[in-house]
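Q: What shape does this take:
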Amino acid sequence: MKTRLSRYVGDLFLPDRLFLWLAGLALLFAAAQFLPVLAPVPQLLAATLAGATVLDYALLFRPRQGLDAARRTPERLSNGDDNGVTATLASHYRFPVDIEMVDELPFAFQVRDFSIRLRLPPGSQRSVTYRLRPTRRGDYAFGALLLYARSPLGLVERRYRFAVDRTVPVFPSFLQMRRFQLLAIGNRLTEAGVKRVRRVGHSMEFDQVRDYVAGDDVRTINWKATARSAHLMVNGYTEEKSQQVYCLIDKGRAMRMPFDGLSLLDHAINAAVVLSHVALVRQDKAGVLTFSEEIGRFLPASRRAAQMGAILEALHAQKTRYLESDYERLYAFVRRHITQRSLLLLFTNFESVDALHRQLPELRRLAAAHLLIVVFFENDLLTARAADPAGTVEDVYRQTVAARFVAEKRLIVRELQRHGIRSLLTPPAGLGVAVVNRYLQLKARQAI
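A: Numbering: from 1, shown residues only. Below is the predicted model of the structure:
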């Protein structure tokens, strides 16, 4: 706790240590009233404390600018990930200084007691890095950087205020996207949970005739080219490219439910970013469409160099709505604007079979014209609750309710299968890996 002498010196603060000394002196003065022989002791201590306080004030306030500080934030923050923020502090004092750094973080973090304590040697500089995890997209406003300096005496504190205000946008999880990119470059996607998929046959898209190397399929030997060149030649094939992959993201009220600090909409957007990036790496076309009771942002599928940045920008400011989503309007829009057969991954959430039946006619129409994958969420907390042992009657009741909700999700999967619609039921935390696995499986089976 700090007490500010606002009527006298705006940047002078009195720490708790000084008040403890004053409280001790008050007790000694009270004791001296009953034992006059002790009277010189508190008087001497009071004079010493006053002199030390004045000296401490002179040490801290004599330099015009004893400390410098700057904050370095990323150009944008990644939603749902730990983002590094670095503060650089420099001391111009000729003695070691104890510092308490208080950063005015954006109010969205709901942190009001954030501070870091450290000691700076004379004339030194130090960088401090701390992590922030945003859970909402949008603009985050950082305020000032406050430093409370204390000399070795520790009787007064001087406050330094550095106006390093800055607004930083929070985008969908591009750090997760980059992680997948690096693993893909090193052929280590299995480390992220992506399964190795065995290809069924090969694509009919011819690439080139090349020399045979050990391990090539003997069925691809080009006998005419082999006869002309006098050594084995094989036909090279590549996966079909430029196929359209769309992420359809529901922004209705069903997507407001929070998991691990993020709403279902945020989980869906992060997974859509990862999937779009993987599709572009595989040289397919990626696009996005958001909808609720009305159509939101639509970005036609493309494989241009700037497509990934356009997808991040399109999803940056999307927010959930309070009304139920209009699937009839979604179907009409898709029919009018997506004319080529495409892979549609519909990110939504159904909590009951009745909720599914209301949208089932439009889902069947979408599945008739495109390859539709309905992606919805499994509540892993309820799944864990249903598997917990029951020790009391209340536990039995909770376990029964949780098991009912879990069974309802399984019924939704079977109902979609009964109507020939593919689905993907997954916990929110593993959504990105799950959709990438399903996309790679469909590519390997040449289902798109």
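Q: what sits against Thr320?
A: Thr320 makes contact with 251-253, 255-256, 263, 265, 292 under the criterion Cβ atoms under 8 Å, 6 or more residues apart in numbering. All C-beta spots, glycine's among them, are computed from the backbone N, C-alpha and C.
Q: Of those, just say which sits nearest to Val375.
A: Distance to Val375, by Cβ to Cβ, is smallest for Met255 among these, at 11.6 Å.
Q: can I assume the closest one is in contact with Leu264?
A: Yes: Met255 is within contact range of Leu264, at 4.4 Å (criterion: Cβ atoms under 8 Å).
Q: Quick check: which ranges of the stretch 1-150 of the chain have low pLDDT?
A: Applying pLDDT under 70 to the stretch 1-150 of the chain flags residues 1-10.
Q: What segments of it are helices?
A: Along the stretch 1-150 of the chain, counting by DSSP state H, counting those that start in this stretch, helices occupy 16-34, 40-61.
Q: can you pull the buried residues of the helix or strand containing Ala402?
A: Assigning secondary structure by DSSP states H and E places Ala402 in helix 393-418. Of the residues in helix 393-418, 398-399, 402, 405-406, 408-409, 412-413, 415-416 count as buried by neighbour count, 16 or more other Cβ atoms under 10 Å.
Q: got it, and stretch 92-109?
A: Buried, per 16+ other Cβ under 10 Å, within stretch 92-109: 93, 97-106.
Q: next one: that stretch to chain centre, how far?
A: Relative to its chain's centre, stretch 92-109 lies at 26 Å (Cα atoms, centre = their mean, to the nearest Å).
Q: Please name the residues that touch Ile421.
A: Ile421 makes contact with 363-364, 367, 372, 374 under the criterion Cβ under 8 Å, 6+ apart.
Q: my guess is Val170 contacts Arg76, does it?
A: Yes: the criterion here is Cβ under 8 Å, and Val170 meets it with Arg76 at 7.0 Å.
Q: Need the residues touching each of Met255 and Leu264.
A: Common contacts of Met255 and Leu264 (Cβ under 8 Å, 6+ apart): Asn349.
Q: Could you pull up the residues touching Ser169?
A: Small correction: residue 169 is Pro, not Ser. Counted by Cβ under 8 Å, 6+ apart, Pro169 has contacts 76-77, 138-140, 316.
Q: Give me the subset of those residues that lies in strands.
A: Counting by DSSP state E, these place 77, 138-140 in strands.
Q: would you say Gly420 is within a helix?
A: No: Gly420 is assigned coil when assessed by DSSP: H, G, I helix; E, B strand; the rest coil, not a helix.
Q: sorry, back to before: got CSV for the contacts of Pro169, with neighbour count too?
A: Below are the contacts of Pro169 laid out as CSV (neighbours: other Cβ atoms under 10 Å):
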residue, neighbour count
Arg76, 15
Leu77, 25
Gly138, 14
Asp139, 12
Tyr140, 21
His316, 18
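Q: of the residues you listed, closest to Pro15?
A: Here the nearest of these to Pro15, counting by Cβ to Cβ, is Tyr140; it sits at 31.2 Å.
Q: if I read this right, the closest one contacts Val170, doesn't it?
A: Yes: counting by Cβ under 8 Å, Tyr140 does reach Val170; the two are 5.8 Å apart.
Q: Give the residues shared as contacts by the two.
A: With Cβ under 8 Å, 6+ apart as the test, Tyr140 and Val170 both reach 77, 134.
Q: coming back round to it: identify, from the buried residues of stretch 92-109, the entry nearest to Arg158.
A: Val97 (9.4 Å).
Q: Identify the bridge partners of that closest one.
A: Under the criterion DSSP bridges, Val97 forms beta bridges with Leu120.
Q: and the gap between it and Leu248?
A: Distance of Val97 to Leu248, computed by Cβ to Cβ, to the nearest Å: 57 Å.
Q: ok so, going back, and the buried residues of helix 393-418, which is closest to Pro152?
A: Among the buried residues of helix 393-418, Arg398 lies closest to Pro152 (Cβ to Cβ), at 57.4 Å.
Q: What pLDDT is listed against the closest one?
A: With respect to pLDDT, Arg398 scores 84.
Q: How about it, nearest residue that isn't a chain neighbour?
A: Spatially, and ignoring its direct neighbours in sequence, Arg398 is nearest to Arg385 (6.3 Å; Cβ to Cβ, 6 or more residues apart in numbering).
Q: would the one you found count as being in a helix?
A: Yes: counting by three-state DSSP, Arg385 is located in a helix.
Q: give the contact list for it.
A: Residues near Arg385 by Cβ under 8 Å, 6+ apart: 398-399, 402.
Q: And Leu12, how close does it get to Tyr160?
A: For Leu12, the distance to Tyr160 equals 12 Å [Cβ to Cβ].
Q: still on that earlier bit, what about the helix holding Ala402, distance to the chain center?
A: Helix 393-418 has its C-alpha centroid displaced from the chain centroid by 30 Å (Cα atoms, centre = their mean).
Q: Are there helices or strands packed against it, and which ones?
A: Judged by 3 or more Cβ pairs under 8 Å, 6 or more residues apart in numbering; DSSP states H and E, helix 393-418 is in contact with helix 353-369, strand 371-377, helix 380-387, strand 422-426.
Q: Pick the most deeply packed of those.
A: The highest average neighbour count among the helices and strands packed on helix 393-418, using mean count of other Cβ atoms under 10 Å, belongs to strand 371-377 at a mean of 23.
Q: Show me the contact partners of that strand.
A: The contact list for strand 371-377 (Cβ under 8 Å, 6+ apart) reads 257, 259, 264, 267-268, 271, 341-350, 363, 366, 409, 412, 416, 421-428, 431, 434-435, 438, 442, 447-448.
Q: So what are the sheet partners of it and their directions?
A: strand 343-347 (parallel), strand 422-426 (parallel).
Q: Format those strands as TSV; extra columns: distance to Arg335 and mean pLDDT.
A: Output for those, formatted as TSV (distance: least, Cβ to Cβ, whole Å; pLDDT from 0 to 100):
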stretch	distance to Arg335	mean pLDDT
strand 343-347	12	96
strand 422-426	19	93
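Q: For Met177, find the nearest of those strands.
A: Among the strands paired with strand 371-377, the nearest to Met177 by Cβ to Cβ is strand 343-347 (15.8 Å).
Q: Many thanks, have a good one.
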